[in-house]
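Colleague: After the sequence you'll find the predicted model.
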Amino acid sequence: MAFLRNAWYVAAWSNEVSDNLLTRKILGEQVLLYRDGAGELVATTNVCPHRFAPLNMGRVVDGAIECPYHGLRFDASGQCVYNPDGDGAVPVNARLKTYPVEERLGAAWIWMGDPAKIDLAMIPDFEFLDDPAYHAVTGLIHVRANYRLITDNLMDQAHLHMVHNTTLACDMVRRATTQLVRESDGTIWANRLGEAGETPAIFQMMWQANRGPIEGDFDHWVESGWKAPAFVRNNTGVAPHGRPREEGLETKNAHLLTPETETTTHYFWAISRTFDLNNPELDANIRIGTEHAFINEDEVILHGVQEMMDGQDFWSLRPALMQADVGAVQLRRALDKRITAEQAEASASDETSSARRSAEPVA
Amino acid sequence: MAFLRNAWYVAAWSNEVSDNLLTRKILGEQVLLYRDGAGELVATTNVCPHRFAPLNMGRVVDGAIECPYHGLRFDASGQCVYNPDGDGAVPVNARLKTYPVEERLGAAWIWMGDPAKIDLAMIPDFEFLDDPAYHAVTGLIHVRANYRLITDNLMDQAHLHMVHNTTLACDMVRRATTQLVRESDGTIWANRLGEAGETPAIFQMMWQANRGPIEGDFDHWVESGWKAPAFVRNNTGVAPHGRPREEGLETKNAHLLTPETETTTHYFWAISRTFDLNNPELDANIRIGTEHAFINEDEVILHGVQEMMDGQDFWSLRPALMQADVGAVQLRRALDKRITAEQAEASASDETSSARRSAEPVA
Amino acid sequence: MAFLRNAWYVAAWSNEVSDNLLTRKILGEQVLLYRDGAGELVATTNVCPHRFAPLNMGRVVDGAIECPYHGLRFDASGQCVYNPDGDGAVPVNARLKTYPVEERLGAAWIWMGDPAKIDLAMIPDFEFLDDPAYHAVTGLIHVRANYRLITDNLMDQAHLHMVHNTTLACDMVRRATTQLVRESDGTIWANRLGEAGETPAIFQMMWQANRGPIEGDFDHWVESGWKAPAFVRNNTGVAPHGRPREEGLETKNAHLLTPETETTTHYFWAISRTFDLNNPELDANIRIGTEHAFINEDEVILHGVQEMMDGQDFWSLRPALMQADVGAVQLRRALDKRITAEQAEASASDETSSARRSAEPVA
């Protein structure tokens, strides 16, 4: 099982990309990111086509990438536009591979597959990342686990009371049943509603800061909606028991996973809120709390799982599944299907083009 | 050449195992060891059957292992007995693999093969480890070499004068010939007797402490008896030349090797004596001396041999053998034969069960 | 594409080899180097044929290598000449593999291939390393790149202005065209001549120290001559514009590359001059400058290229070549041809000897 290639992935948060070169390995490929003279996002391979030097050891000159080895320069289209050596003739086939990119929702999105199949509608509609009614705290974590172990984790409310037992744990959510909801656009939701009980510690803190003392019972919802290949949005909120959600507090969270390799993942996260928008101290606390939960609590376990699985296929290990796995199971099957279909199509197309190539003279 | 699986191996010294979880990789498998509520030894896989989390990151609750990821609990039989999530239903196939264990000779023994073939008589009869007439100093060393390089070393008196030249080296033993003795129970002995000369430094020290000044010539015997798969007992002692052994001093040593991986070994050792039983200072000196000899002298060489062999088969490298290798050669052949037989049997049985499975409907 | 085996490689500079054991991995093989009682160079495998201990953990006794494990001793021919154990019988097949060696040009040369094909004429005729009219500063650098990336680099004047922009960079050389010259002995030259301009910083320094102030324009030549498998000589010099080279200053440099593994190389270098022969301060400066240029400037890039290529074949990556690559391309093709021929011959001879072996009884 490899990666879904005809898909958008987050290459970086927008504010990470400047006119300096940023390298990031994505789906096993070394990608170079920068902004050209006009501030436009550019993504290319990190390998010079002349003698394969790593371009990130070079620099940006006049909006072009300059190779550190021989000084060849490549513009945003990947074309070699300058050779400082000899008569300055540019090598005929000196082109960098470029990747389609798109800047949306505060992130630099990259298309790793066949450019003919680009579909902007595949960027997930996590509108709250763009909505001025929301304020997002964002971050990036490096996880030593396959990205699918992280989506499983994000769709799974049953680990909250164990792994996050001082922050997100909530007894009424623990005892609830996961509801599976499928949307027509392919989104798969795993939702839990805890009714008439105590909210988790993190919402107690937010409620007290925003609304005052805790009085009476609350309801608490934790909803995770997955979109292919590896995007999960969360709605997590509390409201006084029986009252409409609008009367409560909610954060909307985005989890955008970009495979680095088969065993490591770039995990872009955002926690968005509609309350207390301009509060840098709250921002800092959200960052500290989120990084604590993801790095110290989840990441250690997920890395342990990665080591235990040791490259073996998830299904071949015959997991002893429970009710809370319903979302993860559905998304695994949905994604398996798409990857299998993509690979079948790619291999059919390879055969066609091999057949065509074999009829051509060899260069 | 893999491992002999239908065999007992030492998983731990008894005193290492408590009601906390201990992990140890054995024959390449992650094993978890602990004592249940009744103090009984339990050995299971370290991998949770639900989502493959490493159980050693969890804890023991009421004699059961609690998974750190979702809180499933498994009793000593491996059965899942508790699910804290939702309605508490236990996943149908949630069973931990357990390993047969037996506590003997101060050690926790584990059976890594087919449970139908368990034979307690295969635990070696190193009775001195249990005999109140003896006092044992024991330890555990991690060796960066295949276990068979260590058994070779233990059966080989020819390295003593080189590798242990300040402690165990003995000129009359060096010049002696190795006698091969086979016992009907499969034990293979490689024995040397040095006659009428100086004892090695380590016995001079012990003699002086126990018996007084060294006078006249001594005899010195060094005997190594191997049992499959990787147990060696040593009788090493000195007596005044020509006198019965009973008038001398002897230590009986046990070397119990448990493969961790193809290239690393857990080396459990015991040095047992019948004299000066209650002497903690002597115990400490024996520990220091033994660890010095095994870690600083043998281990470094054995690791070097491991690196030089680099995964190649011993026989394929055509060793230029000498007389002193007679014991090692015999035990290698005996063990090769047993491993080959076991693998042939396992593959025959695999074929049978595949045939049976292919007639069954797929789950 | 493996290594050319029927070839001489530098195993060490002569002054590195003494009566102590020196190990060096060459073409993936662990080689042991020392001088016997008569001061003669000896090269053997580092692996004891008895039980495969690393001999470099032993020592030289009476001109023989003593194994650290059992004390077997091997003379300069590889023959086991002493066994300290038992009756002292030497194991019948206890012979170390030895390698033909030759001391020339201040270096210890080793033949890694078929001894029947030894040809001393294949040691490159870099006579300046032996010529008393020259004084050489020599060194050894460990490069984390395949040796062919280094020969490419040494034949390529187009990287000087980028990678060595404060030392060797020279604008008139940058704008010049590389001239390819083939000699009848197989040497391939890539030469550049910069005319009527400024010399690079390093020659300005040397000219000022030796000849006085810089006046008027200079010519600057940079010539790289490759010999198989991996030897490059450089002639680099400056002279007042239009004047014969003899009126200028020149260094002759030798670059002698010995593959350690597919991805690492022992890089023996020498910078030789005819002027200011007895000047230890200049020697020190040349050493500092050379190591700076090779380690801090070239090595980092070459290691980056090695990582980017990640084991892929150079041609399969379809390099976008430029005029300055003409020398590297010619030498790559010449070497490819020789390696292919050698492998074809070896595989033909393997078949012959397999056929012969299969007719013999198995030992």
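Modeller: Thanks, I have it. Numbering: from 1, shown residues only, chains lettered A, B, ... in the order given.

Colleague: need the residues of the stretch 51-200 of chain A near chain C, please.
Modeller: Taking CB under 8 Å from any CB of the partner chain as the test, the list of the stretch 51-200 of chain A residues beside chain C reads A:51-54, A:57, A:67-71, A:80, A:83-87, A:89, A:91-95. Yep, even glycine has a C-beta here, placed from its N, CA and C like the rest.

Colleague: Show me which of these are buried.
Modeller: Neighbour counting by 16 or more other CB atoms under 10 Å in any protein chain shown classes A:51-54, A:57, A:67-71, A:80, A:83-86, A:91, A:94 among those as buried.

Colleague: Just the buried residues of the lengthiest helix in chain A, please?
Modeller: Secondary structure of chain A per DSSP state H: the longest helix is helix A:326-358. Taking 16+ other CB under 10 Å as the neighbour-count basis, helix A:326-358 is seen to contain the buried residues A:326-332, A:334-335, A:338-339, A:342.

Colleague: average model confidence for it?
Modeller: Predicted confidence along helix A:326-358 averages 86 (mean pLDDT).

Colleague: Quick one: list the elements packing against that helix.
Modeller: Here helix A:326-358 is seen to pack against helix A:147-154, strand A:179-182, strand A:188-197, strand A:218-227 when contacts are counted using 3 or more CB pairs under 8 Å, 6 or more residues apart in numbering or on different chains; DSSP states H and E.

Colleague: partners of the last one in the sheet?
Modeller: Paired with strand A:218-227 in the same sheet, following DSSP bridges, are strand A:188-197 (antiparallel), strand A:231-240 (antiparallel).

Colleague: which ones are touching the spatially closest residue to residue A:231 that is not a sequence neighbour?
Modeller: With CB to CB, 6 or more residues apart in numbering or on different chains as the criterion, residue A:231 has its nearest non-adjacent residue at 4.4 Å, and that residue is residue A:124. Going by CB atoms under 8 Å, 6 or more residues apart in numbering or on different chains, residue A:124 touches A:227, A:231, A:233, A:256.

Colleague: from the residues you listed, which is closest to chain B?
Modeller: Distance to chain B, by CB to the nearest CB, is smallest for residue A:231 among these, at 20.9 Å.

Colleague: what about that closest one, distance to residue C:307?
Modeller: Remark: distance between residue A:231 and residue C:307 (CB to CB, to the nearest Å) = 31 Å.

Colleague: Compare the two (neighbour count), which wins?
Modeller: Under the criterion of other CB atoms under 10 Å in any protein chain shown, the comparison of residue A:231 against residue C:307 puts residue A:231 first, with 25 against 15.

Colleague: can you list the weak-confidence ranges in chain A?
Modeller: When residues are selected by pLDDT under 70, those of chain A lie in A:1, A:352-363.

Colleague: distance from the centroid: which residue in it tops it?
Modeller: Of all residues in chain A, residue A:87 sits farthest from the chain's C-alpha centroid, using CA atoms, centre = their mean; the distance is 45.8 Å.

Colleague: Contacts only, for that residue.
Modeller: Taking CB under 8 Å, 6+ apart as the contact definition, residue A:87 lies against C:175, C:177, C:323.

Colleague: I'd say the first one and residue C:195 touch.
Modeller: No: Residue C:175 sits out of contact with residue C:195 when judged by CB atoms under 8 Å, with a separation of 9.8 Å.

Colleague: need the next SSE after the helix or strand encompassing residue A:32, C-terminal direction.
Modeller: Assignment of secondary structure by DSSP states H and E places residue A:32 within strand A:29-35. Under the assignment DSSP H and E, the closest C-terminal helix or strand after strand A:29-35 is strand A:41-45.

Colleague: So which other helices or strands are in contact with the next helix or strand after that following strand?
Modeller: The first helix or strand that comes after strand A:41-45 along the chain, using DSSP H and E, is strand A:59-61. The contact analysis (3+ CB pairs under 8 Å, 6+ apart) places strand A:59-61 against strand A:64-66.

Colleague: Now do the strand it packs on: everything it contacts.
Modeller: Counting by CB under 8 Å, 6+ apart, A:21, A:32, A:34, A:36, A:44, A:55, A:58-60, A:72-76, A:81-82, A:96 sit against strand A:64-66.

Colleague: try 6 Å
Modeller: Residues from elsewhere that reach strand A:64-66, judged by CB atoms under 6 Å, 6 or more residues apart in numbering or on different chains: A:55, A:58-59, A:73-75, A:81.

Colleague: Any idea how far it is from the middle of the chain?
Modeller: Between the centre of strand A:64-66 and the centre of its chain there are 28 Å (CA atoms, centre = their mean, to the nearest Å).

Colleague: Could you do stretch A:119-132 as well?
Modeller: Averaging C-alpha positions (CA atoms, centre = their mean) puts stretch A:119-132 13 Å from its chain's average.

Colleague: now could you export just the CA positions of that stretch as PDB?
Modeller: What follows is stretch A:119-132 as a C-alpha-only set of coordinates in PDB (Å, rounded to 0.1, in the frame of the first residue of the first chain):
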ATOM      1  CA  ASP A 119      -8.800  19.100  -9.100                       C
ATOM      2  CA  LEU A 120      -8.900  22.100  -6.800                       C
ATOM      3  CA  ALA A 121     -12.100  20.800  -5.300                       C
ATOM      4  CA  MET A 122     -10.000  18.200  -3.600                       C
ATOM      5  CA  ILE A 123      -8.500  20.700  -1.200                       C
ATOM      6  CA  PRO A 124     -10.700  20.100   1.800                       C
ATOM      7  CA  ASP A 125     -13.400  22.800   2.600                       C
ATOM      8  CA  PHE A 126     -12.200  23.500   6.100                       C
ATOM      9  CA  GLU A 127     -13.700  26.900   5.800                       C
ATOM     10  CA  PHE A 128     -13.100  27.900   9.400                       C
ATOM     11  CA  LEU A 129      -9.400  28.300   8.600                       C
ATOM     12  CA  ASP A 130     -10.300  31.200   6.300                       C
ATOM     13  CA  ASP A 131     -13.200  32.600   8.200                       C
ATOM     14  CA  PRO A 132     -12.600  35.900  10.000                       C
END
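
Colleague: Okay, buried residues for it please.
Modeller: Residues of stretch A:119-132 classed as buried under the neighbour-count rule (16+ other CB under 10 Å) are A:122-124, A:126, A:128-129.

Colleague: count of neighbours near residue A:43?
Modeller: Neighbour count of residue A:43, defined by other CB under 10 Å: 26.

Colleague: Whichever residue of the stretch 1-150 of chain A sits closest to chain B: neighbour count?
Modeller: Going by CB to the nearest CB, chain B is nearest to residue A:149 of the stretch 1-150 of chain A, at 8.3 Å. Other residues near residue A:149 come to 24 when the count uses other CB under 10 Å.

Colleague: if you skip the residues just before and after it, what's nearest to it?
Modeller: In space, and not counting its chain neighbours, residue A:149 is closest to residue A:302: 5.0 Å by CB to CB, 6+ apart.

Colleague: same question, residue A:103
Modeller: Among residues not flanking residue A:103 along the chain, residue A:41 sits closest, at 5.4 Å (CB to CB, 6+ apart).

Colleague: Starting from residue B:38, give me the distance back to the one you found.
Modeller: As it turns out, when the distance is counted by CB to CB, residue A:41 lies 65 Å from residue B:38.

Colleague: Which one's more surrounded, those two?
Modeller: Higher neighbour count among residue A:41 and residue B:38: residue A:41, with 19 against 7, using other CB under 10 Å.

Colleague: Count the residues that sit near the closest residue to residue A:151 other than its chain neighbours.
Modeller: Once flanking residues are discounted, residue A:151 sits nearest to residue A:230: 5.5 Å by CB to CB, 6+ apart. For residue A:230, the number of neighbouring residues by other CB under 10 Å comes to 26.
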